[in-house]
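In: show me how the following folds:
(chains A, B and C)
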Amino acid sequence: MISRQFLIEFKRSFTHKNLLKWLGIILLLPLISFLPVSTGYLYFQPVDVFQETVGFIIPMLFPVLVVFIYLPSFLQEQKNHFITYTRTRVPLNYYILVKGLMNALLTGFIILSMMFFTFIFVTFIEPNFIQIVDYSPPLPGDHEVNVTFSQFLEYGTWTYVLVYSLWVTLNAIVYSTISFLLMIILKKSFVAISVPFLFYHVFNFVSGVFGIAQFSPLSTVFPFNIEQQELWTVFVPLGILLLCISILYLIVIRNKEDWMI
Amino acid sequence: MSNVAEHLKDILIKFRWIVIGIVIYFYGILLKNEIFSNASKDGLMINSWDVSLYLLNDIYIIVYFIVPIVLFISATIVLSDFNYMTLIRLGTTKKWVFRSLRRFWSKTSILLLILVFMSFYLTIGVPFSWDWSQYSKSNISHDTLGEIGLVFTAPFVAFLFQLGLLVLAISILHIFLSLFYVTIKKRNIFLIMCAILFLGSVVGFKLFPEEYAFLSPTTYFTLKNFIDSFNYPLIGLVVLIGLFIIFYLYILLLDINKRHYFQSIKSYLPHGIYLILCLTGIVSISISADPSKDTILDVLVLSFQGSNSESFSYFSFFYYSIVFFGLTYLINLDISREIEQIGYYKIIRYRNLEKWFWSWFRKFLLKVIFFLLLLGMFSIIIGAIVGLKTNFDVTVLYVDWYTILYHFIINGFLQITFYILSVFIISWGKREASYGLILISIFMVLMLPGINQQGVIPVGLNSLVNLLEHSPYRITLVLLIANIMIYLLIKYLFTKSFKN
Amino acid sequence: MTIISIKDVSKSFKGNVLFENINLDIRKGQIYGFVGPNGSGKSVLFKMICGFIFPDSGEISIDGLEIGKDKRFPENFGVIIDRPGYIASKTGFENLKELAMIRGNISDKEVVETMEMVGLDAQSSQKTKNYSLGMKQKLAICQAIMEKQEVLVLDEPFNALDVDSVKKVRDLLLRFKEEGRTILLTSHNQDDIKICDEVYRINRSKLELTLPLIGDSHS
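Out: So this is what the prediction gives:
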């Protein structure tokens, strides 16, 4: 039953509007972020361009991006009391579970694709077809700027990109799942949708005030504005978020009668 | 048969104090012998205070003997006395907490008396003096009495202090436990808490490094640990009295149905958090300012410098976002309520949408002006409090103070108005406030370095760093044009929505 | 004269709605009965009236004073809720004396008289831990009435009592009513409910008035 519902949900999500939105995120957003960083900087190799592209505009959009990939459709169902009518056809907890999984899956897939497309674009498409980036071999005295996760560069660029992209994807899933769970609990869906956004920006500021920027959401998900940190530091905010998810999950399953549907 | 057993048990219960006394006595003998042998090895004189204070400051007897007994007494009193029959007669939970404390001391005082009595009883045969002995002043006993001797001039004072400390610490322990039980009312969790306290005190004195020793309960039971942890014993007292006050305040709240208060606090929570964040930024900038050359207006400039295409720092960028986009977010919450509430009945009452729009938009504009004045005042006052120069010079920017105030207030007002109008358009068009978040995120992107190079995109223009490159009047012009355009757009949308 | 007023009170436990906007005025000198299936919230209602728990919304006032605002626990209430807890190593008399000492407004003699009234031996050296269930229940009744409390809130007062004792306690309650005391009680037994002036059934988080059955048998 669950797998069938999953299939139905999958088909339902692929509307024209959604497809367009997702393609925009996967293809257009990297290009838009690439433009401002394409000129005026000196690069040694494509992975530098990748880091610069990913680290410029995308971090500011990240917390809204991840909640707007799939959740607006759920929001519409909630607002129009659509879910009430599904109850006679499919058990409510199946329906909600499938929604949650679908949200995680699609959010993860699209963010991962966006990261990979960015890398493919700066590595293969740009140098061969566009050629506006200024590459120059490092001069003696120049040294690589290392950032957190550069630890994986010694296993090859692809390994680095894979590991780092999966890291961003994991965070995307966590952020959007928090919103999803909150949408089930809270009466005000606007607040539920904005919690990841608020958490992200408020903690960027607060960690700055207290001089612990290495734990800020920005510097752990997109660690390009800060010197290389030990890998464990990035798990501090993620750990907090995972704890929040666990608590929210418990609240959700314990208060089935109070679900906002 | 059972009567005999009962009788025996009663005798044993009455004998338990004697048993406790005997245990303390024998342990004390061991300690006394240790002191004797140490002192005689170095040929040092001892006096009665060495024995007495040594016993009272022995962490092992405190942690493994006194604390468990105290916890046992406390737990049994709390558990046996908290019932509805007692509560309904007392009238308030507050009275119950104090009654429980009284009952607790009626038993624990016997324990303390035995401990003190034994500490004196063991001094029989040891010479008496009002001063510290040779032994306690020497290095051998440095780890126990030496440090106490450095702080207290007379051993008698140290003894009184030790006694007072024990009474205070044990009282706080019991108050904590009784409040804990009153709050959770779950027997098992309460017992787990007792176990945690015991383990905490065992682990505390063994594992905690000195700088975290104040977290361990044992620190407050013996004078030696107390002095080790706090450079000034007064600070330790302040910690204890502080705890006492916190618990007392909590006791005052016990009998109130807090739900009403929580509900009223909840509605102000977003604004409260927002204001705290705003203040945090100003305070952190004021503290990092240099009192020898920075002025109170510098705080304003540094706080609200924001960012533009040329000058960017993450801290000021995030603080700008918190203050101005945070305000936009909060107003968006209100706007979404206005939009959701608007039904035909409301439109009919207002006759047209523009009247409806101005009915609430006016209030927001007033609030924005008030808010900007408040922010300005806060930064000046906080700057003055941390001791910055109180003249109207600006040292971090080569601009006059009136230009700065003009830019901060007038352009700030126009800029926020633009944000609010933009967010309104999105919320109105989509009938869903969440899309305002996308707009705010795009605004944030537009403030990143290298993007708004000409300063014509009406975003982030009220950043004070803009005064380095642009005249404030030019910025006013740009913002006015932007506001007029967006207002015309709103008018157009209103007429269109009536046609539909 | 209204002595207890319940206004728009709602209460739920872990998502389970027990009461939703209930309203009730309790008048002085009457006996009120509350019936309902297990877990319907009879004890919760009594606990809210006594201030042991607070309602989620709405207010409960005793003599015009709101519980949780003007006052925490009502004055002069005799209460039996849940299983009463006693100091197991003390006799019945010692237990009652301990409670009586809190307010100190009755003498030992009055404690003894109350015990005899419900059929307990005040002189017995038997510890409460050796009491039978019925004796413990009698002790609970004693503590609820010994200080001549104006209002008695009794959750299942007839539990575990033998036939004679039930009759004794019922007569006692009727006597108290004559004296002008107000009594709230719950029971599963229809016969017990017959002494009530008004009976309420807790049904789907509401209070429904169901009058006592016709053909009173208690008199």
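
In: who in the stretch 1-150 of chain A is up against chain B?
Out: Contact residues, the stretch 1-150 of chain A versus chain B (C-beta under 8 Å from any C-beta of the partner chain): A:36, A:40, A:56-57, A:60-61, A:63-64, A:67-68, A:72, A:75, A:79. Using the backbone N, CA and C atoms, a C-beta is placed for each residue, glycine as well.

In: neighbour count and secondary structure for those - can I get that in CSV?
Out: Formatted as CSV, the entries for the residues of the stretch 1-150 of chain A next to chain B read as follows, by neighbours: other C-beta atoms under 10 Å in any protein chain shown; DSSP: H, G, I helix; E, B strand; the rest coil:
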residue, neighbour count, secondary structure
A:36, 18, helix
A:40, 8, coil
A:56, 22, coil
A:57, 24, coil
A:60, 25, helix
A:61, 19, helix
A:63, 27, helix
A:64, 25, helix
A:67, 30, helix
A:68, 22, helix
A:72, 19, helix
A:75, 20, helix
A:79, 11, helix
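
In: my read: residue B:49 touches residue B:160, true?
Out: No: using C-beta atoms under 8 Å, residue B:49 is not in contact with residue B:160; the gap is 11.9 Å.

In: which one's more surrounded, the two?
Out: When residue B:49 is set against residue B:160 and neighbours are counted by other C-beta atoms under 10 Å in any protein chain shown, the residue ahead is residue B:49, at 27 against 12.

In: and the closest residue to chain C within the stretch 51-200 of chain A, how far is that from residue B:266?
Out: Each residue of the stretch 51-200 of chain A has a distance to chain C, by C-beta to the nearest C-beta, and the smallest belongs to residue A:185, at 11.5 Å. According to C-beta to C-beta, to the nearest Å, residue A:185 stands 15 Å off from residue B:266.

In: higher neighbour count, the two?
Out: Summary of the neighbour comparison: residue A:185 and residue B:266, criterion other C-beta under 10 Å, with residue A:185 having more neighbours (14 against 9).

In: how about the more buried one, what does it touch?
Out: A:192, A:248, A:251-252, A:255, A:258-260 (C-beta atoms under 8 Å, 6 or more residues apart in numbering or on different chains).

In: quick one, which of these are buried?
Out: In terms of neighbour count (16 or more other C-beta atoms under 10 Å in any protein chain shown), the buried residues within the contacts of residue A:185 are A:192, A:248, A:252, A:259.

In: per-residue pLDDT of the third one, please?
Out: According to the prediction, residue A:252 has pLDDT 88.

In: just say helix, strand or coil for it.
Out: Reducing the assignment at residue A:252 to three states with DSSP: H, G, I helix; E, B strand; the rest coil gives helix.

In: residue contacts, it?
Out: Contacts here follow C-beta under 8 Å, 6+ apart; on that basis residue A:252 touches A:181, A:184-185, A:259.

In: any idea how far residue A:63 is from it?
Out: Applying C-beta to C-beta, the value for residue A:252 to residue A:63 is 21 Å.

In: for the contacts of residue A:252, give me a markdown table that also has secondary structure and pLDDT.
Out: Written out in a markdown table, the entries for the contacts of residue A:252 read as follows (DSSP: H, G, I helix; E, B strand; the rest coil; pLDDT from 0 to 100):
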| residue | secondary structure | pLDDT |
| --- | --- | --- |
| A:181 | helix | 94 |
| A:184 | helix | 90 |
| A:185 | helix | 89 |
| A:259 | coil | 78 |
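
In: could you check the pLDDT of the most centrally placed residue in chain B?
Out: The centre of chain B sits closest to residue B:246, judged by C-alpha atoms, centre = their mean, with a distance of 11.3 Å. Residue B:246 carries a pLDDT score of 92 in this model.

In: next one: the one 10 residues further on
Out: As summarised for this prediction, residue B:256 has a pLDDT of 83.

In: just residue C:219 next, same as before
Out: On pLDDT, residue C:219 comes in at 35.

In: how far does stretch B:138-151 stretch from one end to the other?
Out: The first and last residues of stretch B:138-151 sit 15 Å apart, counting by C-alpha to C-alpha, to the nearest Å.

In: the residue nearest to the centre of chain B and chain C, how far apart?
Out: The span separating residue B:246 from chain C equals 21 Å under the rule C-beta to the nearest C-beta, to the nearest Å.

In: residue B:377: neighbour count?
Out: By other C-beta under 10 Å, the residues close to residue B:377 number 11.

In: host element of it?
Out: Assigned by DSSP states H and E, residue B:377 belongs to helix B:353-385.

In: now do the SS call for residue C:152.
Out: Quick answer, by three-state DSSP: residue C:152 is strand.

In: tell me if I'm right that it and residue C:74 touch.
Out: No: contact between residue C:152 and residue C:74 fails when scored by C-beta under 8 Å: they sit 11.7 Å apart.

In: about what we covered before: what is the nearest of the contacts of residue A:185 to chain B?
Out: Nearest to chain B among the contacts of residue A:185: residue A:192, at 8.9 Å, using C-beta to the nearest C-beta.

In: residue contacts, that closest one?
Out: With contacts taken as C-beta under 8 Å, 6+ apart, residue A:192 has the following neighbours: A:179, A:182-183, A:185-186.

In: inside helices: which ones of those?
Out: Filtering the contacts of residue A:192 for membership in helices, criterion DSSP state H, returns A:179, A:182-183, A:185.

In: now those as CSV including distance to residue B:180?
Out: Below are the ones in helices among the contacts of residue A:192 laid out as CSV (distance: C-beta to C-beta, whole Å):
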residue, distance to residue B:180
A:179, 35
A:182, 31
A:183, 35
A:185, 28
